[in-house]
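> Give me a model of this one.
(one chain, ligands or ions: 1)
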Amino acid sequence: MGNRSRAGRSNAGSGLNVAFRNPVRTAEDFAGIAGVCVQLFENADLLAMNAGQYEFGFALCTRCGFADSMHSATDDLPSLDGVPFREHLPITGKSSNNRPCWRHGEDELVIRHLHFAAEHNTDLLQLDLERANSLRTPAMAVTFAHTVHLAAAELLEVDVREISLSTEDLRQGNSWRFHLYDSDAGGSGHVAELIARRQNLEMLF
Ligand SMILES: [Zn+2]
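The predicted structure is shown next:
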């Protein structure tokens, strides 16, 4: 055991954190492209974090669950389409209810600057373009990531939503890595099959 490493952003904010042990399989020149290195990890732990649209977290109504992104580090509540947060309609209960969720002065019902997170354990492919000189611009790298994602679904004859793509590292400029993983918790064998049938990807590009 041990040897757990982490990829992705480890600081607070939005993004995807990935923790995994040693790869169970590794391949070079993935899909026939020189320098593309791919590693398969089983039982990777993914932590998806959402700090809201402006990275200041959400305001959450503890009575009905209504939430909206906070705009700044201050405690000022956001407004949605000009409607102040404290006048929001309840999102649960009768659909015909058009009375505000809070009565006058009830703003102790809110949690401010809340960051959401969800854990997911699944099988994951890490593709590293560090040595793939032909793909090392941000636009090329992100385009390649989406191309692999779509081609993988076509090759495996599955809905594209059964495989998830994270280009968080590429977009943040943290590394030249991106991640494909089985959308179902526990892994459904798609990304493991993809690395096994990687030669067949070339003809789909
Ligand atoms: Zn509410």
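> for this structure, what spans make up the helices?
All helices of the chain, identified by DSSP state H, fall at 138-156, 168-172, 190-196.
> Looking at these, spot the one closest to E202.
Among these, the nearest to E202 by C-beta to C-beta is helix 138-156 (9.4 Å). Bear in mind the C-beta positions are built from the backbone N, C-alpha and C, glycine included.
> Quick check: which helices or strands does that closest one pack against?
Using 3 or more C-beta pairs under 8 Å, 6 or more residues apart in numbering; DSSP states H and E, the elements in contact with helix 138-156 are strand 163-166, helix 168-172, strand 177-182, helix 190-196.
> got the buried residues for stretch 92-108?
Neighbour counts over stretch 92-108 (16 or more other C-beta atoms under 10 Å) mark C101, W102 as buried.
> can you list contacts of it?
Residues from elsewhere that reach stretch 92-108 (C-beta atoms under 8 Å, 6 or more residues apart in numbering): C61, R63, C64, G65, F66, L77, R86, E87, H88, L89, P90, L109.
> make it 6 Å
R63, C64, R86, E87, H88, P90 (C-beta atoms under 6 Å, 6 or more residues apart in numbering).
> can you list the domains in the protein?
5-48+117-204, 58-114 (automatic domain parsing).
> tell me the most buried of those?
domain 5-48+117-204 (a mean of 17; mean count of other C-beta atoms under 10 Å).
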